[in-house]
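Student: using only what follows, build the 3D model:
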Amino acid sequence: MTNFEKEYAIICDCKDGIYRVSSVSFENSQMYIRLENTENEDIPGIWGYVDSNGREIIAPQYIYAYDFSGGLAYVAKGKWERRKEWDDKFWTAEQLWGRINKAGDEVIPCKFDRIENFIYTGIEDRESSYLKAHFGGWENGNWGIIDYSGNWIVEPIFHYMDYYIYNDDLIVFRNPYSIDPESQGPHDLVELYGIYSIKQKRILYKPEYTDIRFNKDSILLESGEETITVKY
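Tutor: The predicted structure is shown next:
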């Protein structure tokens, strides 16, 4: 129970000494959510933050927001609209994601369609130095790689990018679709994957493989019934 519970429609648990709060609740409304794959914290609202003493430190202004962790939080700017032609459902034409500190400063500018963490895999056991980011709109944009200040490490050139990053260097990507080379039909499509190296700043393997897997010290490249093992 908080001493400011009547001031906000939603009050989340205190994380990193901060409460995430929303001035409105869409709990009883049908929502159109822009994200294709939502996570637990992707709850629409008008979000801000309150400290442990109930003092509002960041006024509600974000359409999505995550809890603070390590002094930083992911947030999204935008504007909810509600129209009769949408059956009175809510919609936002854009989501501009970034990352803020507890003063509300944008450590990563709110300009990305989406920002996601990589899952580090490889010889070491640690977090990645990079983030994956989608930019340019969901219809015409692509995925790229940024640092924790929002600077591009790899420009947004990938239609799809995997969540895993191998030794903070190799990422798996694919094009929208490819024609199955073993098919006789004109409409048979297959997803073919390749590998990009951040350190070498180039494509190591073109998107010609049906599956790619990483072991501790090797890469498995599958093409049809053939599997190629490459030492890393």
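Student: what is the burial count for residue 75?
Tutor: 25 (other Cβ atoms under 10 Å). (Each C-beta comes from the backbone N, C-alpha and C, glycine too.)
Student: list the beta-bridge partners for it.
Tutor: Beta bridges link residue 75 to residue 65, residue 98 when assigned by DSSP bridges.
Student: ok, the most centrally placed residue in the chain to residue 165 distance?
Tutor: What sits nearest the mean C-alpha location of the chain, by Cα atoms, centre = their mean, is residue 116, with 2.9 Å. Distance of residue 116 to residue 165, given as Cβ to Cβ, to the nearest Å: 11 Å.
Student: picking up where we left off before, got the contact list for the helix or strand where the residue nearest to the centre of the chain lies?
Tutor: For residue 116, the host element (DSSP states H and E) is strand 114-117. Contacting residues not belonging to strand 114-117 are listed as 35, 74, 95, 97-99, 108, 127-128, 131-134, 146, 163 [Cβ atoms under 8 Å, 6 or more residues apart in numbering].
Student: mark which of these are buried, thanks.
Tutor: With burial judged by 16 or more other Cβ atoms under 10 Å, the buried subset of the contacts of strand 114-117 is 74, 95, 97-99, 108, 128, 131-134, 146.
Student: want to try JSON lines for these, with distance to residue 152 as columns?
Tutor: Formatted as JSON lines, the buried ones among the contacts of strand 114-117 follow (distance: Cβ to Cβ, whole Å):
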{"residue": "74", "distance to residue 152": "18"}
{"residue": "95", "distance to residue 152": "19"}
{"residue": "97", "distance to residue 152": "15"}
{"residue": "98", "distance to residue 152": "14"}
{"residue": "99", "distance to residue 152": "15"}
{"residue": "108", "distance to residue 152": "12"}
{"residue": "128", "distance to residue 152": "16"}
{"residue": "131", "distance to residue 152": "11"}
{"residue": "132", "distance to residue 152": "12"}
{"residue": "133", "distance to residue 152": "8"}
{"residue": "134", "distance to residue 152": "12"}
{"residue": "146", "distance to residue 152": "6"}
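Student: any idea which of these the model trusts least?
Tutor: Least confident entry in the buried ones among the contacts of strand 114-117, by pLDDT: residue 95, with 89.
Student: can I assume that one is in contact with residue 75?
Tutor: No - if you go by Cβ atoms under 8 Å, residue 95 and residue 75 don't touch, sitting 10.2 Å apart.
Student: noted, bye for now.
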